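J.: Would you be able to build a 3D model of this:
(2 chains)
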Amino acid sequence: MAGLIEQERYACAIGALQTVVAIPRATPILHSGPGCGTMVQGFFERSTGYAGGSTSPCTNFSETEVVFGGVNRLRQIIENTYKVLDTDLQVVVTGCTADIVGDDVASVTDEFLAEGKPIVHVETAGFKSNNYVSHSNVVNAIIDQYVDRFIDENPVRSERNLVNLFASIPYQDPFWKGNLTEYKRLLEGIGLKVNVLFGPYSDGVKEWQTIPRANFNILVSPWYGEPIAKHLEKKYGQPYYHFRYVPIGANETTRFLKEVLDYAIENGAEIDKEKALKFIDREEHAYYEEIDNLATFLLEFRYGLPNHVHILHDAGYVVGLSRFLLHETGIVPKEQFIVDNTPKEYIDRITADLKGTSDKRDILVYFNPDAGAAQDIIRKVSHSGRGLIIGSGWDKELAKEKDYDFLSASLPTPYRLVLTTNYVGYTGGLRVIEDIYDTVLYTYR
Amino acid sequence: MSTVNLKTPEVSVREIRLGSITGFQGNASELVDLVGCGNLKDKKRSFSQCLGCSTSNAACTTILIQDAVTISHGPVGCSTCLHEYAFTYRVNAPLRGVDRPSQRRVYSTNLTEKDTIYGGALKLENTIREAYKRSKPSVIFVLTTCAAGIIGDDVESVTNSLEEELGIPIVAIFCEGFRSKMWTSGFDAGYHGIARKLIKPAEKKRNIINVINFWGSDVFNKWFNRFGYEANYLTPYSTYETIRHSSEAVCTVQACATLGSYLATALDQEFGVPELKNSPPYGIAQTERWFRELCQLIGKEDEIEEFLKEEREKYMPKIEELRKKLAGKTAYVTAGASHGHSLLALLQELGMKAVGAAIFHHDPQYDSASSDADTLKHTIEDYGDIPNYNVCNKQEFELVNVLNRLRPDILFARHGGMTLWGAKFGIPSLLIGDEHFGMGYEGLVKYGEQILETIENNEFVKNLEKHAVNPYTKWWLEQEPYTFLKGGRN
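T.: Here you go, the predicted structure:
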């Protein structure tokens, strides 16, 4: 049941306009009330990209549009968008107002489509879903309404070593840019060619056009994004490899890469397996050189280090970080909080993945987007030793109340600036370690 | 007829209540003249970018009250940016003497598709009860949203009935985004709720002066203490109790009439607290007018000249020095209405030349209906006309076009997101977050020093200019900036 939410950790469906902003030279066009854009901007912060934020065109619904409908206003705004902004892709996203009054948005975008404009529309009314869900709708709409137009030049599964990657949700995952870059580097390291589709290392719409060419897709996600992989499976017959949490540190990254490697070979990719394994070895070697150095500190630092952690994050991070922290730093995951509004059908699977972290301990996990309630649980529990909270800016005050260490790693957070940092992969694991223990050491003065 | 009526749950939006507009281009004096002869008409844009809406501005009047809880009655997205107020509250608390800022409690009723069909009233009831249980606030505010407004939930009835059940004030604030093109209508909505449900008639008067402001530094107490008074800040960092008793103040002043107009007039007309109607103290002429009216209101006329003399003696030498250094430098201003006019006064007082402005809206009058409150008129009378005066509700495309043409020595901005384009054109850009920073004589000195520093330290913007990404078409940058602004009288 969708009850109240205190301290929101995600946006509503129209928040997925950031998925558009993450595509180089694409712009969202908001057919929505005047405040939707500001709400999205204020949630994600420093997220303007090429033409998001205050640059994005918007119909700014007023009483007139609520009463008489807003399609004429939309037509006018789109027409002038082409004059004012130089963009490669326009995605019309709708707010609650447009959906409740029932504007026929497709009829308007069809007019521009007929002129050959690279325009797409997608329903993103805030009351329909949230941005975790709506991200898939946006991507699928672009595939159906834009990518598909180039299918003749991009025969289905025509490039054996090409894969499309669906992992971090742009902006909702604060480390999305760094993560996608690192996934790309790692997957190229084992011999694949990767469409990351978002961020500076994507080739924008040109890259999107090649989506059908990919031999298979890689989905790294506990649940969100799965509709994209399923859609492509149905549409272009592309199978997908699924890794269900964020691979952080050596254990999980190696598992991820080796599984992808086998999957790629099974699917006919032309890969030198030996060379790929050497690449993995080398990465692991570099990683363990650091862990070796670090172990003394972890074992001997006599002034106090955190021994347990509560994480408030989406399912991918809660599972990924729990696995990493327990096995690769020794910090024990206690009560965990998945605040991404996980659909019911995925809860058992995610619970099992978290349970798989350790065969000798049970990790208690709560699924509830009402993070205020999660905080109240943390207020009441107590474990011996020094505690750590990994969460959003909302949790900084809670950590202070409990006298715990605090690492800001989820949205929204005005307390941390993330540019291209990655938490994924070997280097990502090392970065998590740096972030945690830097925070801890900073308390000694 | 008064624009304040505390008997109705809703206050009408600025377009209707004050005749405010969001589209104009010309000289500032033309705008003032149009207002003077009652001929001001709004213009429409055939292209527009994201604005901003009433709900977050209404939230600004409620979330920062120390012992209040705020509920957004809408889909989850209608309150996603409100976490920023939690940050503000915590970070600025020391400026306002709040030693242990408590966690802000912000809820969403999380309306979903089913609720848009069957209504969300029950959900709102449950949320109010749960919010009360969790944090035992002194007051709960409920902000409405587009979705809640269109589906027609009876928020007033729900809040009234829960008020009886829980025994604390529960205030419905009607601030649906689509109702107004002026997000500042949200301030009025918030203050209307506060005035109609929280402020009680005074039984006695005390030596306090209400200050309607945001979260700026405490400059007022220094001034008021000298005359034997204390500031009662409204509403950030206030409490239910201090709001309740704001009727005991001897008068009300405001940092910016765009913000405080409605509350100041409500306190004046409904609770007998006189409003200091003059525009806030930015620039010498206006500072002196403001302090004179203040002293008149508190019965200290005999002390004012001495005070002003001291201030002049202390700060004029520095101001003169700054004027020499800043003489002839050109500036462009983009800001909300009244504060924008104040910035235009301030920079001209320092000897700079205002080459234009993009001001988010224009209120032809405030709720007091007093011409003393017309900051733009004062600014023009004190310092002369302003060319390229554009009323433009944060339309970046117009700002970009104008800045590209005018290339001023400095850009002043008051709202986030606007300095970027100054910097992209290599124009030193300054945003002062503290709305009290430039007030009085001392404020002129502080602002002047900041301006000098900004103009001097231009290496960053000059470098950024070389690498700036520009999504605007060449065609657009070559058009007249107001190509898409149509209709109306001029």
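
J.: so what's the nearest residue to B:I284 once chain neighbours are set aside up against?
T.: In space, not counting the residues next to it along the chain, B:I284 is nearest to B:E349; the distance is 5.8 Å by Cβ to Cβ, 6 or more residues apart in numbering or on different chains. For every residue, glycine as well, the C-beta is placed using N, CA and C. Under the criterion of Cβ atoms under 8 Å, 6 or more residues apart in numbering or on different chains, the contact list for B:E349 reads B:282-285, B:319, B:383, B:444.

J.: what's the answer for A:G428, then?
T.: With contacts defined as Cβ under 8 Å, 6+ apart, the neighbours of A:G428 are A:175, A:178-179, A:182, A:248-249, A:253, A:422.

J.: next one: phi and psi at A:Y303?
T.: A:Y303 has phi and psi values of phi -100, psi 0 when expressed as degrees, to the nearest 10.

J.: Okay, it and chain B: tell me how far apart.
T.: Between A:Y303 and chain B the computed distance is 27 Å (Cβ to the nearest Cβ, to the nearest Å).

J.: Quick one: residues contacting that residue.
T.: With contacts defined as Cβ under 8 Å, 6+ apart, the neighbours of A:Y303 are A:Y444.

J.: so what pLDDT did it get?
T.: Residue-level confidence at A:Y303 comes out at 86, pLDDT.

J.: how close does it get to A:S62?
T.: If you measure A:Y303 against A:S62 using Cβ to Cβ, to the nearest Å, the figure is 60 Å.

J.: Same question for B:R100.
T.: The gap separating B:R100 from A:S62 is 43 Å, by Cβ to Cβ.

J.: Tell me which of those two has more neighbours.
T.: Neighbour tally, B:R100 and A:S62, criterion other Cβ atoms under 10 Å in any protein chain shown: the higher count belongs to A:S62, 21 against 5.

J.: what about the residue lying closest to the more buried one once chain neighbours are set aside, neighbour count?
T.: Spatial nearest neighbour of A:S62, chain neighbours left out: B:F178 (5.6 Å); criterion: Cβ to Cβ, 6+ apart. For B:F178, the count of nearby residues is 28 (other Cβ under 10 Å).

J.: Pretty sure A:F61 is one of the things B:F178 touches, is it not?
T.: Yes - the pair formed by B:F178 and A:F61 meets the contact definition of Cβ atoms under 8 Å, at 4.6 Å.

J.: got the domain boundaries for chain A?
T.: The record's domain parsing of chain A by automatic domain parsing lists A:13-145, A:155-272, A:282-442.

J.: which of those domains sits most buried?
T.: Using mean count of other Cβ atoms under 10 Å in any protein chain shown, the stretch among the domains of chain A with the largest mean neighbour count is domain A:13-145, at a mean of 23.

J.: tell me how far the ends of that domain are from each other?
T.: End-to-end span of domain A:13-145 (Cα to Cα, to the nearest Å): 19 Å.

J.: from the middle of its chain, how far away would that domain be?
T.: Domain A:13-145 sits 20 Å away from the centroid of its parent chain (Cα atoms, centre = their mean, to the nearest Å).

J.: got it, and stretch B:293-310?
T.: The chain centroid and the centroid of stretch B:293-310 are separated by 27 Å under Cα atoms, centre = their mean.

J.: now do stretch B:368-379
T.: Averaging C-alpha positions (Cα atoms, centre = their mean) puts stretch B:368-379 16 Å from its chain's average.

J.: do the same with stretch B:422-430
T.: Distance, centroid of stretch B:422-430 to centroid of chain: 24 Å (Cα atoms, centre = their mean).

J.: now what about it, what contacts it?
T.: Under the contact criterion Cβ under 8 Å, 6+ apart, stretch B:422-430 has outside partners B:332, B:403-404, B:407-413, B:419-420, B:450-451, B:454-455, B:457-458, B:460-462, B:464-465, B:468-470.

J.: What lies in contact with the helix or strand where B:Y191 lies?
T.: Counting by DSSP states H and E, the secondary-structure element that holds B:Y191 is helix B:185-197. Under the criterion Cβ under 8 Å, 6+ apart, residues B:4, B:6-7, B:9-11, B:13-14, B:17, B:53-62, B:141, B:169, B:171-175, B:179-180, B:235, B:243, B:258-263, B:266-267, B:270 lie in contact with helix B:185-197.
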